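Q: Have a look at this prediction, sequence included:
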Amino acid sequence: MPMNKQWILASRPEGAASAGNFALRSAPTSALADGQVLVRHHYLSLDPYMRGRMNDAKSYAAPQPLGQVMQGGTVGEVIESRSPLFSVGDKVVGYGGWQQYSVVDAAQPGVLRKIDDAHVSLSYYLGAVGMPGVTAWYGLVKIIAPRSGETLVVSAASGAVGSAFGALAKARGCRVVGIAGGAEKCRYVTDKLGFDACIDYRVHPDAKSLSQALKAACPDGIDGYFENVGGAIFDAVLSRTNAFARVALCGMIAGYDGAPLPLANPALILINRLRIEGFIVSEHMDIWPEALEELGALVGSGKFRPRESVAQGIESAPEAFLGLLRGRNFGKQLVQLI
């Protein structure tokens, strides 16, 4: 059986995560039992939610166990099968984690899905046509439920979720404004993704300044907001919301190191009769087929060309992940393994 390099969570962060929280080990893959398949991963996904799961704290999911392989999405190829459901050579997407290979009980619902890379590249199944894309779709369609002509805002606009949100919202006739860090990312958001405007939070680092920039970019106010960040950005957006605006609360990356994120003016929730709903996309598997069909069509037709940041080799995973948390990535962050 092949040797398998794996990253495990060696310790929990105290404050900001560091490379020392991870350890690399090698172990042979186990022999397959009946019903199992061996998958060789081509790419593994790095996502902000992983930082929250490194903490030993109450959350929507159990913490990442110490001493075990870091959990996360993967895409690859079946290289050995003892299951009638999968054949050698099948391309698949699953949750193999931060390792080169995974042994999967193929009959378990939802753990492995066949994919077609004839028109959509394998890596996109971890981004625009995967969990991040479906996350954007659910927040837009099921929570914000926009009408054509409404103004929508999304934070982390150049990332995997934010860019998909923009493509889906523009397809519905909305005015879309992004918030991103740096002039290059903002140019990408407007020039390549087709957003109507993008605000650089590095130029507007506090809620008051950002609120003024939002007033200029959203002269008719904000009808819907997709939140990935929290903190001062959330305060600024809430100050510009219209009555009955809807907020899809997906992530709060500003607080993943444990710092509290109080709202500066929570009375706005009442004053503007806001609807704010947090969600976890894995709890809504029923909508995935519909969402993936639309996302696949946008990518396959070339109407949406998502950008990726790709680190090379399993050894690069921790530093690429830490860079993601600090905003160094540009688009979906991946690690290419072969």
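A: Received the coordinates, thanks. Predicted model only: the values in this text are computed from it and were never measured. Numbering: from 1, shown residues only.

Q: So which residues of the stretch 101-250 of the chain form strands?
A: Secondary structure of the stretch 101-250 of the chain (DSSP state E, counting those that start in this stretch): strands located at 101-105, 112-114, 151-155, 175-180, 197-200, 222-227, 241-249.

Q: Of these, flag the one that's most buried.
A: Of the strands of the stretch 101-250 of the chain, the one with the most neighbours on average (mean count of other C-beta atoms under 10 Å) is strand 151-155, at a mean of 30. Placement of C-beta: from N, CA and C, glycine included.

Q: residue contacts, the residue nearest the centre of the chain?
A: Nearest residue to the geometric centre of the chain (C-alpha atoms, centre = their mean): residue 132, 4.0 Å. Contact analysis of residue 132 by C-beta atoms under 8 Å, 6 or more residues apart in numbering lists 47, 126, 159-161, 164, 332.

Q: for the top helix by length along the chain, packing partners?
A: Using DSSP state H, we find that the single longest helix of the chain is helix 288-300. Judged by 3 or more C-beta pairs under 8 Å, 6 or more residues apart in numbering; DSSP states H and E, helix 288-300 is in contact with helix 131-138, helix 160-170.

Q: now that helix, how far from the chain's geometric center?
A: Centre-to-centre, helix 288-300 and its host chain are 16 Å apart (C-alpha atoms, centre = their mean, to the nearest Å).

Q: try stretch 12-29
A: Worked out by C-alpha atoms, centre = their mean, stretch 12-29 lies 21 Å from the chain centre.

Q: what do you get for stretch 72-85?
A: 23 Å.

Q: Ignoring the adjacent residues along the chain, who's closest to residue 128?
A: Using C-beta to C-beta, 6 or more residues apart in numbering and skipping the chain neighbours, the partner closest in space to residue 128 is residue 306 (4.2 Å).

Q: Let's verify that neighbour: helix, strand, or coil?
A: Classification of residue 306 using DSSP: H, G, I helix; E, B strand; the rest coil returns coil.

Q: Please name the residues that touch it.
A: So residue 306 contacts 124, 127-128, 160, 163-164, 299, 331-332 (C-beta under 8 Å, 6+ apart).

Q: Next, work out how far apart it and residue 330 are.
A: 11 Å (C-beta to C-beta, to the nearest Å).

Q: Where do the domain boundaries of the protein fall?
A: Residue ranges for the domains of the chain, per automatic domain parsing: 3-127+306-336, 131-282.

Q: Quick check: closest non-adjacent residue to residue 298.
A: residue 304 (4.0 Å).

Q: re earlier: and the pLDDT for the residue nearest to residue 128?
A: Note for residue 306: predicted pLDDT of 92.

Q: List phi and psi for it.
A: With angles defined as degrees, to the nearest 10, residue 306 sits at phi -70, psi 150.

Q: For burial, what's the neighbour tally of residue 125?
A: 27 (other C-beta atoms under 10 Å).

Q: Verify the stated contact: it with residue 93.
A: Yes - applying C-beta atoms under 8 Å, one finds residue 125 in contact with residue 93, separated by 4.6 Å.

Q: Would you quantify the distance from residue 217 to residue 90?
A: 46 Å.

Q: quick one: which of the two has more around it?
A: residue 217 (20 against 17).

Q: do you know how far that one is from residue 173?
A: 18 Å.

Q: And residue 317, by the same measure?
A: Residue 317 sits 40 Å away from residue 173, going by C-beta to C-beta.

Q: of these two, who's got more company?
A: residue 317 (24 against 11).

Q: CA atoms only for stretch 147-164 - export them in CSV, please.
A: Extracted in CSV, the C-alpha atoms of stretch 147-164 (Å, rounded to 0.1, in the frame of the first residue of the first chain):
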residue,chain,number,x,y,z
ARG,A,147,-35.5,41.0,-6.4
SER,A,148,-34.0,42.4,-9.6
GLY,A,149,-32.7,45.9,-9.1
GLU,A,150,-31.9,45.5,-5.4
THR,A,151,-28.5,46.4,-4.0
LEU,A,152,-26.5,43.6,-2.4
VAL,A,153,-23.2,43.7,-0.6
VAL,A,154,-20.7,40.9,0.2
SER,A,155,-17.6,40.9,2.3
ALA,A,156,-14.5,38.9,1.3
ALA,A,157,-15.7,39.5,-2.2
SER,A,158,-12.7,38.2,-4.1
GLY,A,159,-12.7,34.9,-2.2
ALA,A,160,-14.3,31.6,-3.2
VAL,A,161,-17.7,32.3,-1.6
GLY,A,162,-17.8,36.0,-2.4
SER,A,163,-17.0,35.7,-6.0
ALA,A,164,-19.6,33.0,-6.5
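
Q: avg pLDDT for that stretch?
A: So the average pLDDT for stretch 147-164 ends up being 96.

Q: That one: how far from the chain's middle?
A: Worked out by C-alpha atoms, centre = their mean, stretch 147-164 lies 13 Å from the chain centre.

Q: Okay, helices next: where are they in the stretch 201-338 of the chain?
A: 207-217, 232-238, 267-271, 288-300, 317-325 (DSSP state H, counting those that start in this stretch).

Q: out of these, which comes closest to residue 81?
A: Residue 81 lies closest to helix 288-300 among the helices of the stretch 201-338 of the chain, at 23.9 Å (C-beta to C-beta).
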